[in-house]
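Enquirer: I'll drop the sequence and a predicted model, then ask my questions.
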Amino acid sequence: MTAAPDILAALEPSAERLLKRHLTAAPEWLPHTYVPWSAATDYDGPLDGEPWTAAQSRIDAAVQDALVVNLLTEDNLPSYHFEIATRFGRDRAWGEWVHRWTAEEDRHAHALRCYLHATRAIDPVALERQRMRTMTTGFRSDQPTPLHALAYVLVQELATREAHRNAGAACADRPGRLLMTRIAADENLHMIFYRDLYADALDLAPDHATAALADVICDFRMPGTVIPGFQRRALRIAAAGIYNLDVHVDHVLRPLLRTLRVATRTDLGPEGERARDRIGRHLERTKATAERFRTLYQRMEGGGRAAHT
């Protein structure tokens, strides 16, 4: 495989073009207008309000898990900003994109936390303690090259869109659905920026870009894995169908691979061909694992029903 070009320099014209398109497409929205303030009451503490109790929440446990994971993931924004600013730089189009992306992402945690507090959907004390632990841990992607970093944010943005959108669809109230739909729309625009940027990367360096994409896909981990109790929560979220391996393959990986034309490219050398084969085998293994988990979830659901009869 030939040496990779200076991919960030080569992609800067694309980043500038796609940033201009993004600024035209991204609507202004105001987080405070999505929060049902009329439902809010004071909490116990300096204002002598009412303590939180589990009975006050109107959403089930799996949706609570999904919203907490989504929020704590968004809370780690300082780490993500550091990652992409360090990888992509703070100059010219790359720097303008990094700061614009951060400003848009910063709305998500603020709006979601206000919604959860106003509706008393989540224990606010536990949530704050988990936020402190999550942000203290931080996040490192440990991607070895700029192409790997681009491939990771591409997959992650679409996965995050699906996680937000599906959590909103499972919410028991209209404000929750509206807010999560709005946040998911932001994530979608971010994904489109990275997707089209990666399409140009594939044209510039098809073997290197395909290999980096294969590496990321075959070892992908959501940034929320640093959240306290993530595995336990992820299992309940998956069992509820909010985000599981089926969603990851059918609504994240396959659409990306199809849009990027990975399966139909004719410009790959031996290394690129091997990477494409790795991706195909990974999809097959993941779907087989998803089938086993579906059986497990059905047993879990059946056991839960039996326990309540």
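Expert: Great, that's in hand. Numbering: from 1, shown residues only.

Enquirer: list the buried ones in stretch 44-58?
Expert: Using 16 or more other Cβ atoms under 10 Å as the test for burial, stretch 44-58 gives 52, 57. All C-beta spots, glycine's among them, are computed from the backbone N, C-alpha and C.

Enquirer: what's the end-to-end length of it?
Expert: Length of stretch 44-58, first residue to last, Cα to Cα, to the nearest Å: 20 Å.

Enquirer: stretch 21-39 now?
Expert: With Cα to Cα, one end of stretch 21-39 sits 38 Å from the other.

Enquirer: quick one: average pLDDT of it?
Expert: Per-region confidence: stretch 21-39 scores 97 on mean pLDDT.

Enquirer: chain center to it, what's the gap?
Expert: 19 Å (Cα atoms, centre = their mean, to the nearest Å).

Enquirer: now Gln231: how far from Tyr80?
Expert: Note on Gln231: its distance to Tyr80, by Cβ to Cβ, to the nearest Å, is 21 Å.

Enquirer: would you mind telling me which of these two has more residues around it?
Expert: Higher neighbour count among Gln231 and Tyr80: Tyr80, with 21 against 8, using other Cβ atoms under 10 Å.

Enquirer: ok, that one - contacts?
Expert: 102, 105, 139, 223 (Cβ atoms under 8 Å, 6 or more residues apart in numbering).

Enquirer: list the buried ones in the helix or strand harbouring the first one?
Expert: So that's Thr102. Using DSSP states H and E, Thr102 maps to helix 92-119. Residues of helix 92-119 classed as buried: 93-94, 96-98, 100-101, 104-105, 107-109, 111-119 (neighbour count, 16+ other Cβ under 10 Å).

Enquirer: tell me, what's the model's pLDDT at the residue nearest to His248 when sequence neighbours are not counted?
Expert: Among residues not flanking His248 along the chain, Ala159 sits closest, at 6.6 Å (Cβ to Cβ, 6 or more residues apart in numbering). The per-residue pLDDT reported for Ala159 equals 98.

Enquirer: how many residues are close by Ala159?
Expert: The burial count for Ala159: 23, using other Cβ under 10 Å.

Enquirer: would you map the helices across the stretch 51-200 of the chain?
Expert: Taking DSSP state H, counting those that start in this stretch as the criterion, the stretch 51-200 of the chain contains helices spanning 61-75, 77-88, 92-119, 124-137, 146-170, 174-204.

Enquirer: could I have stretch 278-287 exported to CSV, CA atoms only?
Expert: Taking C-alpha atoms only, stretch 278-287 is exported to CSV below (Å, rounded to 0.1, in the frame of the first residue of the first chain):
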residue,chain,number,x,y,z
ARG,A,278,-12.9,-7.7,7.2
ILE,A,279,-15.9,-5.4,7.2
GLY,A,280,-18.1,-8.0,5.6
ARG,A,281,-17.1,-10.7,8.0
HIS,A,282,-17.6,-8.4,10.9
LEU,A,283,-21.2,-7.6,9.8
GLU,A,284,-21.9,-11.3,9.5
ARG,A,285,-20.6,-12.0,13.0
THR,A,286,-22.4,-9.1,14.5
LYS,A,287,-25.7,-10.1,13.1
